[in-house]
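Peer 1: test case, fold it:
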Amino acid sequence: MIIVGGVSFEVKREGTGRTLVVQGNIYGVAADLTVENLQQLSADLAGEATRWRDEMDAAKRDATRRDYYAILGVDRTASEEEIKKAYRRLARQFHPDTHPGEPEKKVAEEKFKEIHEAYEAIIHNGGGTAA
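Peer 2: All right, here's what the predicted structure looks like:
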């Protein structure tokens, strides 16, 4: 068995040459491949895999990029005192101990962590956006 780009092939001898039979689908189409076509398929699949990986990396970067000032609900020009006030207000509002129900407590806990991360990044690290 040969695996290329996540697609497995079984090598079978047919006649004087070999034919590779796709076990599964490529873009929803099952196909028989000759040995000569394998190199082209391998290159195509590797190219697709690279493109998909790059798209996933870009999506992850966009999803994890956070504007810490927006999380705290303050302007980028806010003073340290304004940032502390916003942090304390939100920390009280979303502290897990103030939410008795299990689903609400989990949501509050995640929000509380996000608020704390934003405060730490702005006050201690001097940054407003994470990558």
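Peer 1: quick one, strands of this structure?
Peer 2: Applying DSSP state E to the chain gives strands spanning 2-4, 7-14, 17-23, 32-34, 66-67, 129-130.
Peer 1: what pLDDT does residue 103 get?
Peer 2: Looking at residue 103, its pLDDT is 86.
Peer 1: which residue ranges of the protein form helices?
Peer 2: Counting by DSSP state H, the chain has helices at residues 35-64, 68-72, 80-94, 102-123.
Peer 1: and for the third one, what are the contacting residues?
Peer 2: Same thing as helix 80-94. Contact with helix 80-94 is made by 72-74, 78, 98, 108, 111-112, 115-116, 118-119, 122-123, as judged by CB atoms under 8 Å, 6 or more residues apart in numbering. Just so you know, the C-beta spots here come from the backbone N, C-alpha and C atoms, and that holds for glycine as well.
Peer 1: filter those residues down to the buried ones and hand me the ChimeraX line.
Peer 2: With 16 or more other CB atoms under 10 Å as the criterion, this ChimeraX line picks the buried residues out of these:
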select :72,74,78,108,111,112,115,118,119,122
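Peer 1: helices and strands of the protein: which one has the lowest mean pLDDT?
Peer 2: strand 17-23 (a mean of 49; mean pLDDT, DSSP states H and E).
Peer 1: circling back: from the helices of the chain, which stretch is densest packed?
Peer 2: Stretch with highest mean neighbour count among those: helix 68-72 (a mean of 20; mean count of other CB atoms under 10 Å).
Peer 1: packing partners for that helix?
Peer 2: Counting contacts by 3 or more CB pairs under 8 Å, 6 or more residues apart in numbering; DSSP states H and E, helix 68-72 packs against helix 80-94, helix 102-123.
Peer 1: for residue 57, find the nearest of those helices.
Peer 2: helix 102-123 (22.0 Å; CB to CB).
Peer 1: now for the closest one, which elements pack on it?
Peer 2: Counting by 3+ CB pairs under 8 Å, 6+ apart, helix 102-123 packs on helix 68-72, helix 80-94.
Peer 1: do you know which of the ones you listed lies nearest residue 51?
Peer 2: Using CB to CB, the helices and strands packed on helix 102-123 put helix 68-72 closest to residue 51, at 31.6 Å.
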